[in-house]
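Chemist: can't give you the sequence, but here's the structure:
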């Protein structure tokens, strides 16, 4: 056991704490960020193993607890697993439902339904997710429960607007998404989390100036998870301003943050792959997209699998074309050298005959 603890300590030391955190991500150049992201992609399974080991530890320690503290521990593990591996998240949700406290707590029952709806959404089971949401009555719930409900609904309706299979209903689900944002803003106390939603809403309605101001004010005080949301919103701002260089930077920052947190359900990396492919960095684009598809399959996040698979043919074609160009260039270079050597040999042979 000691060796195992030492192993995870080394992972934490070398991967999670880069040398003295000498530079914040915002201070790195575009190429430095992409190089840092390359290393994160290569090390992502180590990050994931570290997080899973931590969650397993929480689960083991929870067996010594009773009542609501045990349920809280189970829900914490479930919440973390929902962005790593949805099957495991569902398993921890089932364990929560089997606790004696579950039948006695209507609040816990509501929280479980909210979490199940979110997991269904990540899995791409939109009908099941929407059906679960419709089961939930938040009329007499505490603000914390209502906030969690609207946060999940915002994500679910946003996914259904972008990736849903209900033809012709994009505007309807986009409108529901906006209503959920407004409900969150009405409930959530002032702070970074509220600012994240405010910036997202401002970007959606085209108020770029407000979105930039809110992000700039919030970022210095944000924690790692909050930074990921803010950087992703800032990538959307850069996209709206047609600033490709800044969009690449903020998507790279978001992706690095995603890997550090050990998650496998994300959207920044495939979006970055599309941009890199369009500007000729096809090798990176191909590697990033293959990584995203592999992680989505591991998580069983159908919405991310669909997202990646729709753009994979384009990036793969660009990647193959780039390889073909390199091959032709190499062949042309070799032929040129061969012709040069033959010419030199012919000239030397003629010189000797004279």
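Modeler: Here it is on my side, so go on. Note that the coordinates shown come from a computational prediction; the quantities given were computed from them, not determined experimentally. Residues are numbered from 1 along each chain as shown.

Chemist: Looking at residue 8 now. What's its pLDDT?
Modeler: You'll see residue 8 listed with a pLDDT of 44.

Chemist: Kindly apply the preceding question to residue 299 instead.
Modeler: 92.

Chemist: Surely residue 250 touches residue 228?
Modeler: No - using Cβ atoms under 8 Å, residue 250 is not in contact with residue 228, being 10.5 Å away. (Each C-beta comes from the backbone N, C-alpha and C, glycine too.)

Chemist: Compare those two (neighbour count), which wins?
Modeler: Set side by side, residue 250 and residue 228 show more neighbours around residue 250, with 26 against 23, by other Cβ atoms under 10 Å.

Chemist: Show me the residue at the heart of the chain, geometrically.
Modeler: The residue lying closest to the centre of the chain (Cα atoms, centre = their mean) is residue 266, at 1.9 Å.

Chemist: quick one: what helix or strand has the closest residue to that residue other than its chain neighbours in it?
Modeler: Computed as Cβ to Cβ, 6 or more residues apart in numbering, the closest residue to residue 266 that is not its neighbour in sequence is residue 258, at 4.3 Å. Assigned by DSSP states H and E, residue 258 belongs to helix 244-260.

Chemist: what about that helix, average pLDDT?
Modeler: What helix 244-260 shows for mean pLDDT is 96.

Chemist: List of residues touching that helix?
Modeler: If you take Cβ atoms under 8 Å, 6 or more residues apart in numbering as the criterion, helix 244-260 is touched by 15-16, 25-26, 30, 33-34, 36-37, 40-41, 43-44, 47, 224-225, 227-228, 231-232, 234-235, 238-239, 266, 268-269, 271-272, 275-276, 279, 288.

Chemist: what's the answer for stretch 70-79, then?
Modeler: Here stretch 70-79 makes contact (Cβ under 8 Å, 6+ apart) with 55, 58-59, 61-63, 65, 89, 92-93, 95-96, 99, 101-102, 105, 108, 111-112, 115.

Chemist: same check, this time on stretch 82-96
Modeler: 48, 51-52, 59, 71, 74-75, 77-79, 81, 102, 108, 112, 115-116, 118-119, 122-123, 262-266, 298-301.

Chemist: ok, of the residues you listed, which come out buried?
Modeler: 48, 51-52, 59, 71, 74-75, 77-79, 81, 108, 112, 115-116, 118-119, 122-123, 262-266, 299-301 (16 or more other Cβ atoms under 10 Å).

Chemist: Which of those residues fall within helices?
Modeler: Counted as lying in helices by DSSP state H, out of those, are 48, 51-52, 59, 71, 74-75, 77-79, 81, 108, 112, 115-116, 118-119, 122, 299.

Chemist: What ranges in the stretch 51-200 of the chain fall below the confidence cut-off?
Modeler: 164-168 (pLDDT under 70).

Chemist: Can you tell me, leaving aside adjacent residues, what's nearest to residue 236?
Modeler: Residue 236 sits nearest to residue 203 (Cβ to Cβ, 6+ apart), 5.2 Å away.

Chemist: C-terminal to the helix or strand harbouring the one you found, what's the next element?
Modeler: Per DSSP H and E: residue 203 is located in helix 192-204. Next helix or strand after helix 192-204 toward the C-terminus (DSSP H and E): helix 208-218.

Chemist: List the buried residues of that next one.
Modeler: Quick answer for helix 208-218 (16+ other Cβ under 10 Å): 211, 212, 214, 215, 218.

Chemist: Could you list the low-pLDDT ranges of the stretch 201-350 of the chain?
Modeler: Checking the stretch 201-350 of the chain against pLDDT under 70 turns up 303-341, 343, 345-346, 349-350.

Chemist: any chance you could map the helices in the stretch 251-354 of the chain?
Modeler: 268-278, 282-299, 302-353 (DSSP state H, counting those that start in this stretch).

Chemist: Hmm, I typed the wrong one, I wanted the stretch 1-150 of the chain.
Modeler: Using DSSP H, counting those that start in this stretch, the helices of the stretch 1-150 of the chain run over 2-11, 30-62, 67-81, 86-97, 100-104, 106-122, 126-135, 143-163.
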